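Novice: next input, structure requested:
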Amino acid sequence: MRVHFISIGGAVMHNLALALHNKGFKVTGSDDEIYEPAKSRLDKAGILPPKIGWNTENITSNLDAIVLGMHARKDNPELIKAQELGLKIYSFPEYMYEQTKDKKRIVVGGSHGKTSTTAMILFVLKYYNIDFDYLVGSLIDGFETMVDISETSKLAVFEGDEYLNSAIDPRPKFHFYHTEIGIITGIAWDHINVFPTYENYVEQFEIFIKGLPKHGALIYCADDKEVKRISENTPCQARLIPYITPQNKVVDGVTYLILNGKEIPLKVFGNHNLQNMMAAKFTCIEAGLTEEQFYEAIQHFKGTAKRLETINETDTSVIYRDFAHAPSKLKATVNAVKNLYPNRKLIAAYELHTYSSLNKAFLPHYNQCMNEADVCAVLFSKHALEMKKMPMLNEDEVAEGFGGDVKVFTDKNELRKFIESHYTGNENLLLMSSGTFDGMDMQF
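Specialist: Numbering: from 1, shown residues only. Take a look at the predicted model:
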């Protein structure tokens, strides 16, 4: 098979390219920008484009498939030539479905918790040496790539993003996997640059539910009022499997799951992670494992990169890095750290980085979402607003949106000085961003 990637440098796109290359496919690609670690990984595999930029000579009639990345625009010259030649053009989700259409497909959807839930499922399946295809939004210990497709597997587990499919088809990605076992972890308005109203956003999950087959299942978080309402009121042929936060307790910074009188120590914490764990449990049961097998494996799960990831720990302090960016994610993450160490001061810093978070109209949704922290700071980059061609914000608007005693910065160096003025080594520090805090050094 000869496959060409238009926009090969994307986080997920380059992982799929590597997976196909490892499978023996002839892989080529192009992009107008390729950053690390994609650049080094593609180079090591021998499939890094020789030049940056688009080149119509890459598109020939002997290609079996074109995989079109979200970064590519409708007027991309390579895309136009592929269309003129009548080549088969797939979006990333469409290609994943094409490669797994004869397998049992499990898709984890929701506004938050998708990556962690998917990672838990993958970890447990691998623990028992079960063969499966997968797609997950973060690198996980024990997995070389974020994507893999096997010739022999009969099971596929995908993290199902509700963001756009491609430049030529603006429907959400998770509709294109045609799932049999669907999971919804939570619903909180996100991607307002794509879904301008809450109703339009929620509708995507209703479509997801309606598409489940009669022999399938919908696994949903009944602790989330909106998920419960939509899951139980949307016409659905599949079986409904609700889950809630399991009984647990925290002792000396360790969370214990309480099950039939037994206490199971965990390496993850927070109610949101416990909920994710229940979603993973019911999914693994649908995949053929027992509840006992699941609990045996999951107690060894350490989490995923940038999801409440510990980047430094001492006897008196833990520094965490987290991918949180939507209001519900911030609130859950701050709550999780504070509940784990209720008597330790918590410093929380957050970077406005996504289109939604940098939108003035969306800022009120962040109101009081960090109020459990003892010290709160927010950073936004004026350069990021300029690059996204969005209206400029000012510090007072951001502070008003968050409410409470929140200090707002536009300079990463000033933010670092602020953190250093409060962090003595006897506090917990929580750094939340889907970016890099504008390149700030996060070692304290």
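Novice: is it true that Lys302 lies in a helix?
Specialist: No. Read with DSSP: H, G, I helix; E, B strand; the rest coil, Lys302 is coil and lies in no helix.
Novice: what's around it, how many residues?
Specialist: Residues near Lys302, counting by other CB atoms under 10 Å, number 13. Placement of C-beta: from N, CA and C, glycine included.
Novice: now Ile52
Specialist: If you count neighbours by other CB under 10 Å, Ile52 ends up with 13.
Novice: that one and Tyr35 touch, don't they?
Specialist: No. Between Ile52 and Tyr35 there is no contact under CB atoms under 8 Å: 11.0 Å.
Novice: how is the chain carved up into domains?
Specialist: Annotated domains of the chain cover 2-87, 95-298, 309-439 [automatic domain parsing].
Novice: now these as a markdown table including mean pLDDT?
Specialist: Listed next are the domains of the chain as a markdown table, based on pLDDT from 0 to 100:
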| stretch | mean pLDDT |
| --- | --- |
| domain 2-87 | 95 |
| domain 95-298 | 93 |
| domain 309-439 | 92 |
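Novice: who's in contact with the nearest residue to Gly439 once chain neighbours are set aside?
Specialist: Nearest non-adjacent residue to Gly439, counting by CB to CB, 6 or more residues apart in numbering: Lys412, 6.6 Å away. Residues near Lys412 by CB atoms under 8 Å, 6 or more residues apart in numbering: Leu379, Ser381, Phe437, Asp438, Gly439, Met440.
Novice: buried ones among those?
Specialist: Leu379, Ser381, Phe437, Asp438, Met440 (16 or more other CB atoms under 10 Å).
Novice: picking that back up, the residue nearest to Gly439 and Tyr127, how far apart?
Specialist: 40 Å (CB to CB, to the nearest Å).
Novice: Ala279 now?
Specialist: 17 Å.
Novice: equivalent analysis for His353, please.
Specialist: Taken as CB to CB, the span from His353 to Tyr127 is 34 Å.
Novice: who has more neighbours, these two?
Specialist: His353 (21 against 18).
Novice: give the burial count for Leu48, as a bare number.
Specialist: 20.
Novice: quick one, phi psi at the residue lying closest to Thr410 once chain neighbours are set aside?
Specialist: The shortest distance from Thr410 to any non-neighbouring residue, by CB to CB, 6+ apart, is to Lys382 (5.6 Å). Per-residue torsions, Lys382: phi -60, psi -30 (degrees, to the nearest 10).
Novice: which residues does Phe5 contact?
Specialist: Met13, His14, Leu16, Ala17, Val27, Thr28, Gly29, Ser30, Ile66, Val67, Gly69 are the contacts of Phe5 under CB under 8 Å, 6+ apart.
Novice: next one: Glu397
Specialist: Here Glu397 is in contact with Lys360, Leu363 (CB under 8 Å, 6+ apart).
Novice: which is the next helix or strand following the host helix or strand of it?
Specialist: Applying DSSP states H and E as the criterion places Glu397 in helix 395-402. With elements assigned by DSSP H and E, the helix or strand that comes after helix 395-402 is strand 406-409.
Novice: now do the buried residues in the helix or strand just after that following strand.
Specialist: Using DSSP H and E, the helix or strand that follows strand 406-409 towards the C-terminus is helix 412-422. Buried residues in helix 412-422, defined by neighbour count with 16+ other CB under 10 Å: Lys412, Leu415, Arg416, Phe418, Ile419.
Novice: stretch 227-240 now?
Specialist: So, applying 16+ other CB under 10 Å, buried residues of stretch 227-240: Val227, Lys228, Ile230, Ser231, Thr234, Cys236, Ala238.
Novice: and stretch 40-60, by the same measure?
Specialist: Arg41, Leu42, Ile47, Leu48, Pro49, Trp54, Asn58, Ile59.
Novice: same thing with stretch 329-349?
Specialist: In stretch 329-349, counting by 16+ other CB under 10 Å, buried: 329-338, 340-341, 344-349.
Novice: which residues are in contact with Ala348?
Specialist: Per CB under 8 Å, 6+ apart, neighbours of Ala348: Val334, Val337, Met370, Ala373, Val375, Cys376, Ala377, Leu429, Leu430, Met432.
Novice: Lys249 and Gly24, how far apart?
Specialist: 50 Å.
Novice: whoops, I mixed them up, Asp438
Specialist: 41 Å.
Novice: which residue packs closest to Thr100, ignoring adjacent ones?
Specialist: That would be Ala156: by CB to CB, 6+ apart, it lies 4.1 Å from Thr100.
Novice: quick one: the strands in the stretch 251-400 of the chain?
Specialist: Assigned by DSSP state E, counting those that start in this stretch, the strands in the stretch 251-400 of the chain fall at 254-259, 262-265, 309-313, 318-322, 346-352, 375-380.
Novice: winner for burial among the ones you listed?
Specialist: strand 346-352 (a mean of 25; mean count of other CB atoms under 10 Å).
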